[in-house]
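K.L.:
Sequence and predicted structure are below.
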Amino acid sequence: MPRPRDSLISLEATPYYHCVSRCVRRAFLCGEDTATGRSFAHRRGWIEERLLGLSRSFAVQICAYAVMSNHTHVVLYVDRAAADAWSLDDIIERWHSVFSGISLSHRHLQGAALCEAEQGKLREVAEIWRERLMSVSWFMRCLNERIARLANAEDGCTGRFWEGRFKSQALLDEAALAACLAYVDLNPIRADMAQTPETSDHTSIQKRIRDLKGTVDGSTSIRKLTHPPELFPFVGNPRQEMPKGLPFALMDYLELVDWTGRHLRDDKRGSIPGSTPPLLQRLHIEPQAWLQSTTRFETQFRNLVGRPAAVQGACARFGRKWAWGTSHCKAMFSP
């Protein structure tokens, strides 16, 4: 039986969540229709554009995404501190960029004088909007509903486009976060839709690689590390006065993804070189367990993913006695 959302998402446990939306009956509604030969691949562009656009309105950052032919993966970071710092005008302007708002909010932005009762009501409504603009459920609702409407209008039909609701997994620590990021970024390679991360269309890994700029002597090289503004940045390994961002070095992560992607190929399976990527060494993850997790992340783990101690702590916060997949967490994430 599905669990209610408030038992799956708690910002006190973690701000990181892996969400998966699948097309109804897992049909290829964003790919090639084998029955008619018609291609709906352009819808993957719709999803990517909408996803990145919503990140500018919500206090929800995009850590990774992969838009596939019949499902979408996204790793989200909920930035509660940013949402708490918004002024009344910030909240209203962000809400209006996604929804129509109410007459009081439009009058306020136009500079109209509001009486004390109207101001109180507007502040009350704005606080509701603030909570919704840092809600994973509202973010996914705004993403999926728009795409469903566009696709149904294109097909001249009504009914469901997505399955009943999205699946979510709480990523409780760095090890779980790194494994999930790689799992998402390598989706097209596992599905044989691309051979390398940089050719994986509609993915965050391709977007990050394309944003690495600089040329020296006519050959491409990395002169200055930049980050796509729509994506949550990599800020390096944990340290004092840590800036906001993913707790890994970008180049370490790209090396790890490249190393993992090579081992997902049939002709490389089972062969692990002696040079383990530095990020796996820092996270104390055994290479074979890592490769298994990047192919079976969704089936190995359910709603809570992380080291055993982190899972136990999260269970207490969620009011649960145990979590399915704890044995896999021990095998994968125990030092």
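P.N.:
Looks like it came in fine. Just so it is clear, the model here is predicted, and its values are computed rather than measured. Residues are numbered from 1 along each chain as shown.

K.L.:
rest of the way, CA atoms for contacts and neighbours
P.N.:
Fine.

K.L.:
Residue 330 versus the nearest residue to residue 133 once chain neighbours are set aside, what's the distance?
P.N.:
Setting aside the residues directly before and after it, residue 133 is nearest to residue 58 in space (CA to CA, 6 or more residues apart in numbering), at 4.8 Å. Using CA to CA, to the nearest Å, residue 58 is found at 34 Å from residue 330.

K.L.:
Looking at these two, which has the bigger crowd around it?
P.N.:
The neighbour comparison of residue 58 against residue 330 (other CA atoms under 10 Å) goes to residue 58, with 26 against 15.

K.L.:
I'd say that one and residue 134 touch.
P.N.:
Yes - counting by CA atoms under 8 Å, residue 134 is a contact partner of residue 58 at 6.0 Å.

K.L.:
ok, the residue nearest to residue 133 to residue 51 distance?
P.N.:
For residue 58 relative to residue 51 (CA to CA), the value is 11 Å.

K.L.:
can you tell me which residues contact residue 203?
P.N.:
64, 65, 66, 67, 185 (CA atoms under 8 Å, 6 or more residues apart in numbering).

K.L.:
For it, list each beta-bridge partner.
P.N.:
residue 66 (DSSP bridges).

K.L.:
Show the pLDDT at residue 257.
P.N.:
We have a pLDDT of 91 for residue 257.

K.L.:
Can you pull the phi and psi angles for the closest residue to residue 199 other than its chain neighbours?
P.N.:
Distances taken as CA to CA, 6+ apart place residue 206 nearest to residue 199, at 6.7 Å, with adjacent residues excluded. Main-chain dihedrals, residue 206, degrees, to the nearest 10: phi -70, psi -40.

K.L.:
mind listing what residue 206 touches?
P.N.:
197, 198, 199, 200.

K.L.:
try 10 Å this time
P.N.:
66, 185, 196, 197, 198, 199, 200 (CA atoms under 10 Å, 6 or more residues apart in numbering).

K.L.:
Going along the chain, name the helices of the protein.
P.N.:
Applying DSSP state H to the chain gives helices spanning 42-54, 80-84, 88-96, 103-109, 116-132, 136-155, 174-185, 187-190, 204-210, 250-264, 278-283, 287-300, 308-318, 326-333.

K.L.:
What distance do you get for the spatially most central residue of the chain to residue 231?
P.N.:
Per CA atoms, centre = their mean, the C-alpha nearest to the average position across the chain is that of residue 75, at 1.8 Å. Residue 75 is 10 Å from residue 231, where distance means CA to CA.

K.L.:
what do these two both touch?
P.N.:
Counting by CA under 10 Å, 6+ apart, the residues touching both residue 75 and residue 231 are 61, 62, 63, 64, 65.

K.L.:
May I ask which of those residues has the most neighbours?
P.N.:
Neighbour counts for those peak at residue 65, which has 29 neighbours (criterion: other CA under 10 Å).

K.L.:
I figured it hits residue 185, correct?
P.N.:
Yes - between residue 65 and residue 185 there is a contact under CA atoms under 10 Å: 6.7 Å.

K.L.:
Residues in contact with both of the two, list them for me.
P.N.:
Common contacts of residue 65 and residue 185, defined by CA under 10 Å, 6+ apart, comprise 73, 74, 202, 203, 204, 205.

K.L.:
Those residues into CSV, with extra columns for distance to residue 174 and pLDDT?
P.N.:
Converted to CSV, the shared contacts of residue 65 and residue 185 look like this (distance: CA to CA, whole Å; pLDDT from 0 to 100):
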residue, distance to residue 174, pLDDT
73, 19, 97
74, 17, 98
202, 25, 96
203, 21, 96
204, 19, 96
205, 18, 94
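
K.L.:
now those as a markdown table including distance to residue 150?
P.N.:
Listed next are the shared contacts of residue 65 and residue 185 as a markdown table, based on distance: CA to CA, whole Å:
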| residue | distance to residue 150 |
| --- | --- |
| 73 | 19 |
| 74 | 20 |
| 202 | 18 |
| 203 | 21 |
| 204 | 23 |
| 205 | 26 |
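
K.L.:
returning to what we had before: shared neighbours of residue 58 and residue 51, anything?
P.N.:
With CA under 10 Å, 6+ apart, residue 58 and residue 51 have common neighbours residue 139.

K.L.:
Name the residues contacting each of residue 58 and residue 134.
P.N.:
Shared contacts of residue 58 and residue 134, defined by CA under 10 Å, 6+ apart, are found at 78, 79, 82, 83.
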